[in-house]
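> only the shape, not the letters, is given here:
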């Protein structure tokens, strides 16, 4: 929408977040095959080498689509490896209609997203991709799961970080999300975008802080942290 | 890779192509759900309203991913409608490993890509999307098909434009590609990217034109046209 000025802002934001010591995930949802996948991977994960742009950096991790299979995921995983970064592969989404395609099942009852998860896990558990933490730098994005599904995935894929969208505006509860954590509390990254960014539109924050959108955002983050942390207590 | 300067170049290229009277398809392969899909759709298909950028235009059509189902496709189709433009939904790719996920079949033998094609066709054949040509502005991207599959798809989806990647560098022959045309010669857009763009690297053009990359490209286009047109003759 804001064209190259939008892209410039995206990179300024990354630089600011980096200076604050934050881990940065670019939700770019890129996906393509072969040559284009390699180019996308370099563009999103390698810092630019252009003269005069030495201070510009790329995210610590990005999201990608796994629709085209192993050979579309590996180029991203390899560039992430070289750069000491990570990727999260879109395995199942949190939209109500996701089932339409992603839950498509074969004769044995295996669902399409389970097939993708299996391929992603094969790539993720290659020795070079698993670090001293026991986790791979190749993770999965998993939205809209029941408790049973979450527990099964957590157990089956013990080297995987799950990036969990859907918390807040998209309707997932804290309890739903923390199901993807191990009992040590690691293993899941819960994402909340709109319910934080647009907190200033919500009556409960508007009443308290009026037009001060920064305070609205701040409070929404505090509330989310408390909510998630409470849910986590019941899990541990 | 070239950050905002790359984006600026992308839009300059579109403007130049528009001035030459060409139809422009942005191969952006975007895909996400709900709110983000709407934002992507506007960003890629609506001309920007920023002051000072009135001359900047967006492509006539873009490519998208159909992985998240109907509700991820409709926002793009709706913006395309409003703008008098089109979209091509990625149904099957041309990479050798595409089968791994895209040919995943249910108990009845229906493949995953066939499921996506069916959903896309449902959206594409809504009355408002079919023009006087008899074609919808919602098309499908279809690579790596056998003759039989191509013929079956062509017959089944008679309001669909197929965007056919894989010609040239990716290994599809002209005969493979034109299978997606109707007997009047319409219905398929054959795409060739790398074998045109990188023609200057190919021995047969290098020998003839040396370092003159423009002539190499020009000749590669002429050769592709002759090849496709010959294949088309045998079809009609």
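Sure, I can see it. Please read these numbers as outputs of a predicted model, since none were measured by experiment. Numbering: from 1, shown residues only, chains lettered A, B, ... in the order given.
> phi and psi next, for the residue nearest the centre of chain A.
Central residue of chain A (CA atoms, centre = their mean): residue A:163, 4.1 Å from the mean position. Taking degrees, to the nearest 10, you get phi -100, psi 120 for the backbone angles of residue A:163.
> go on, residue A:106?
Residue A:106 adopts backbone torsions of phi -90, psi -180, taken as degrees, to the nearest 10.
> how is chain A partitioned into domains?
A:3-190, A:192-236 (automatic domain parsing).
> state the mean pLDDT of the last one.
In this case it means domain A:192-236. If you average the pLDDT over domain A:192-236, you get 93.
> say whether chain B is contacted by that domain.
Yes. Domain A:192-236 lies within reach of chain B by CB under 8 Å from any CB of the partner chain, at residue A:194. In this view, the C-beta of every residue, glycine as well, is placed from N, C-alpha and C.
> now for whichever strand or helix holds residue A:232, which elements pack on it?
Here residue A:232 sits within helix A:213-235, counting by DSSP states H and E. The contact analysis (3 or more CB pairs under 8 Å, 6 or more residues apart in numbering or on different chains; DSSP states H and E) places helix A:213-235 against helix A:174-178, helix A:194-197, helix A:203-209.
> list the contacts of that helix.
Contact with helix A:213-235 is made by A:167-168, A:173-175, A:177-179, A:181, A:183, A:185, A:190, A:192, A:195-197, A:199-200, A:202, A:205-206, A:208-209, as judged by CB atoms under 8 Å, 6 or more residues apart in numbering or on different chains.
> in the strand or helix carrying residue A:76, what counts as buried?
Assessed by DSSP H and E, residue A:76 sits inside helix A:70-83. By 16 or more other CB atoms under 10 Å in any protein chain shown, the buried positions in helix A:70-83 come out as A:70-81, A:83.
> so for it, mean pLDDT?
96.
> do that helix and chain B meet at all?
Yes. Against chain B, helix A:70-83 shows contacts by CB under 8 Å from any CB at A:70-72.
> which one among those gets closest to chain B?
residue A:71 (4.3 Å; CB to the nearest CB).
> my understanding was that that closest one contacts residue B:101; is that so?
No. Using CB atoms under 8 Å, residue A:71 is not in contact with residue B:101; the gap is 10.7 Å.
> deepest in the core, which of the helices and strands packed on helix A:213-235 is it.
Counting by mean count of other CB atoms under 10 Å in any protein chain shown, helix A:174-178 has the highest mean neighbour count of those, with a mean of 22.
> list of residues touching that helix?
Helix A:174-178 has contacts (CB under 8 Å, 6+ apart) with A:145, A:147, A:150, A:164, A:166-167, A:188, A:190, A:227-228, A:230-232, A:234-235.
> for residue A:28, helix, strand, or coil?
strand (DSSP: H, G, I helix; E, B strand; the rest coil).
> residues near it, how many?
For residue A:28, the neighbour count with other CB atoms under 10 Å in any protein chain shown is 18.
> try residue A:133
By other CB under 10 Å, neighbour count at residue A:133 equals 10.
> what do you get for residue A:64?
For residue A:64, using other CB under 10 Å, the count is 28.
> for it, give me its contacts.
Taking CB under 8 Å, 6+ apart, one finds A:28-31, A:73, A:76, A:87-90 in contact with residue A:64.
> same thing but at 7 Å, please
Residue A:64 is in contact with A:29-31, A:73, A:76, A:87, A:89-90, counting by CB atoms under 7 Å, 6 or more residues apart in numbering or on different chains.
> mind listing what the helix or strand containing it pairs with, with the direction of each?
Using DSSP H and E, residue A:64 falls within strand A:61-65. For strand A:61-65, the paired strands and their directions (DSSP bridges) read strand A:25-30 (parallel), strand A:86-92 (parallel).
> would you list those strands in CSV and tack on mean pLDDT and distance to residue B:53?
Converted to CSV, the strands paired with strand A:61-65 look like this (pLDDT from 0 to 100; distance: least, CB to CB, whole Å):
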stretch, mean pLDDT, distance to residue B:53
strand A:25-30, 96, 23
strand A:86-92, 97, 32
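> need the winner for burial among those.
strand A:86-92 (a mean of 28).
> so is the helix or strand following that strand next to chain B?
Sequence-wise, the next helix or strand downstream of strand A:86-92 (DSSP H and E) is helix A:99-102. Yes. Against chain B, helix A:99-102 shows contacts by CB under 7 Å from any CB of the partner chain at A:100-101.
> for the following helix or strand past helix A:99-102, which positions count as buried?
Remark: after helix A:99-102, the chain's next helix or strand is helix A:112-124, criterion DSSP H and E. Residues A:112-117, A:119-121, A:123-124 are the ones in helix A:112-124 that count as buried (16+ other CB under 10 Å).
> if we look at chain B, which of those are close to it?
Within the buried residues of helix A:112-124, those near chain B by CB under 7 Å from any CB are A:112, A:115-116, A:119.
> need those residues in CSV (columns: pLDDT).
CSV is the format used below for these (pLDDT from 0 to 100):
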residue, pLDDT
A:112, 95
A:115, 95
A:116, 96
A:119, 97
